[in-house]
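Asker: My questions concern the predicted model and sequence given below.
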Amino acid sequence: SAVISQKPSRDICQRGTSLTIQCQVDSQVTMMFWYRQQPGQSLTLIATANQGSEATYESGFVIDKFPISRPNLTFSTLTVSNMSPEDSSIYLCSVVTGGGMKTQYFGPGTRLLVL
Amino acid sequence: GIQVEQSPPDLILQEGANSTLRCNFSDSVNNLQWFHQNPWGQLINLFYIPSGTKQNGRLSATTVATERYSLLYISSSQTTDSGVYFCAVGRSNDYKLSFGAGTTVTVRA
């Protein structure tokens, strides 16, 4: 398994501003992902965070709105840019530890409210 | 993309009762996982089960890949079992998952 932390755990932001969310894992992992969970909804994959290269975004998500960095195998950031109230969600990072295992582990999430 | 349907959407149980949650998916998969999201929002991985049967305490799961469904069994439910149960599937080697809408379980004392 993996121990995953996210910062901040929650935030309230004004529209038009940006917020950067950090995801830290206690060990090197093969895959890191970012998900969004809108209020009362399921999880939607935003992108795969690739170590040392540009993230791979899912349909409906773009780099200008959600820039992602992954400088090493234990850390990633997601920025929510030029926020609007529609960006109010829980943002979660997840990891696959590798070694042939596909089990996915999730961080505690960042609760974002945009006013 | 692959469609994931979970049923029922909501389930209310008396403590000690047993229940079955279902997950249907629209295409063949090589990755299927069950998660529990507790009332505080934390997602816990319950099972990685692309086929076959697994048990972990009071929980067990069965996936019949050829018929494109999976079942999660909760026995002797406890109030701590309350939360949302998600089924998530993938069908490529990139580890990406598509989530169902979830089943919200409420266990009453």
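Answerer: Structure received. Numbering: from 1, shown residues only, chains lettered A, B, ... in the order given.
Asker: and residue 88, what does it touch?
Answerer: All of this refers to chain A. Going by CB atoms under 8 Å, 6 or more residues apart in numbering or on different chains, residue A:88 touches A:38, A:39, A:112, A:113, A:114. Just so you know, the C-beta spots here come from the backbone N, C-alpha and C atoms, and that holds for glycine as well.
Asker: oops, I was thinking of chain B
Answerer: The neighbourhood of residue B:88, defined by CB under 8 Å, 6+ apart, consists of A:43, A:104, B:4, B:32, B:33, B:34, B:35, B:97, B:98, B:99, B:100.
Asker: State the helix or strand in which the second one lies.
Answerer: Residue A:104 belongs to strand A:101-106 when assigned by DSSP states H and E.
Asker: who does that strand pair up with?
Answerer: In its sheet, strand A:101-106 lies beside strand A:89-98 (antiparallel), with partners assigned from DSSP bridges.
Asker: need the contact list for the residue of chain B found nearest chain A.
Answerer: For chain B and chain A, the shortest gap (CB to the nearest CB) falls at residue B:43, measuring 3.9 Å. By CB under 8 Å, 6+ apart, the contact set of residue B:43 is A:43, A:92, A:94, A:106, A:109, B:35, B:36, B:37, B:86.
Asker: Drop anything exposed from those residues.
Answerer: Buried residues within the contacts of residue B:43, counting neighbours by 16 or more other CB atoms under 10 Å in any protein chain shown: A:43, A:92, A:94, A:106, A:109, B:35, B:36, B:37, B:86.
Asker: Any chance of a markdown table for the residues you listed, columns distance to residue A:55 and pLDDT?
Answerer: As requested, the buried ones among the contacts of residue B:43 are arranged in a markdown table below (distance: CB to CB, whole Å; pLDDT from 0 to 100):
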| residue | distance to residue A:55 | pLDDT |
| --- | --- | --- |
| A:43 | 17 | 97 |
| A:92 | 15 | 98 |
| A:94 | 14 | 97 |
| A:106 | 18 | 97 |
| A:109 | 19 | 97 |
| B:35 | 23 | 98 |
| B:36 | 28 | 98 |
| B:37 | 24 | 97 |
| B:86 | 23 | 98 |
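Asker: how about the strands in chain B?
Answerer: B:4-7, B:10-14, B:19-25, B:31-37, B:43-48, B:52-56, B:59-64, B:69-74, B:83-90, B:98-99, B:103-108 (DSSP state E).
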